[in-house]
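*Asks:* Here is a sequence with its predicted model. Questions after.
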Amino acid sequence: ALGADRHPTCERAVKWLRANQPSDEPLRLCWGDARIGNMIFRDATCVAVLDWEMATLGNPVEDLAWYMYLDRHHCEGIGVPRLEGFPSREDTVAQWEALTGLDARSTIDYYEIFAGLRFAAIMVRVVRQMKHYEVLPADSTFDINREGCGQWPGAHVDGQVVRLAVAPVEDDVLYLCERP
């Protein structure tokens, strides 16, 4: 998805993901774009889920991690508080486990990093399209949040926070996946 261009931080993320890939995982239908913007609610109950073009067979924790990653991205990532009433990360995982009967704690960190890498690939492609259609100038570095990278969401791995941050670089946008 990143094409021929080199993205060293994404490459490190891929290397880490390959080295830490879980084994003996459950295989289920995964939605692929689990986020609140793709849900239809009636009387505070989700009655439909939309946007299935990224559906795949995989570990359902992948959907949970994507949901949690985007939730964090849309608040911590832009420096605003989460909406009141949303459960904490720990409570979200516990509720998901109770509802599905599956374990998420053993693989959630892995899949949050995977979510960050997926999002990076999507953003790189978006920036390329914006340059192609001259929404951004061809030499743009898509200079957003250069100083604020430290506030972007991170996953917890081995007791450390792994930053997953959009950061401009010389020629494009990539996702940081580094241990601080």
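*Replies:* Cool, got the structure. Predicted, not measured: the structure shown is a model, and the values here were computed from it. Numbers count the residues shown, from 1 in each chain.

*Asks:* what comes up buried for the lengthiest helix in the chain?
*Replies:* Ordering each helix of the chain by length in residues (DSSP state H) puts helix 108-132 first. Of the residues in helix 108-132, 108-121, 123-124, 127-128, 131 count as buried by neighbour count, 16 or more other Cβ atoms under 10 Å. Placement of C-beta: from N, CA and C, glycine included.

*Asks:* for stretch 82-95, same thing?
*Replies:* Using 16+ other Cβ under 10 Å as the test for burial, stretch 82-95 gives 92, 93.

*Asks:* So which residues of the protein form strands?
*Replies:* 28-30, 39-42, 45-49, 56-58, 154-157, 160-168, 173-178 (DSSP state E).

*Asks:* got a list of contacts for the third one?
*Replies:* The list of residues contacting strand 45-49 from outside it, by Cβ atoms under 8 Å, 6 or more residues apart in numbering, reads 31, 34, 38, 39, 40, 41.

*Asks:* Average pLDDT for that strand, rounded please.
*Replies:* Averaging pLDDT along strand 45-49 gives 95.

*Asks:* for the longest one, same thing?
*Replies:* For strand 160-168, the per-residue pLDDT values average out at 43.

*Asks:* any idea of the mean pLDDT for stretch 112-129?
*Replies:* Averaging pLDDT along stretch 112-129 gives 83.

*Asks:* Just checking the distance from that stretch to the centre of its chain.
*Replies:* Mean-position distance between stretch 112-129 and its chain equals 8 Å (Cα atoms, centre = their mean, to the nearest Å).

*Asks:* List the contacts of the residue of the chain positioned farthest from its centre.
*Replies:* Here the chain reaches farthest from its C-alpha mean at residue 43, the gap being 28.3 Å by Cα atoms, centre = their mean. Contacts for residue 43 (Cβ under 8 Å, 6+ apart) come out as none.
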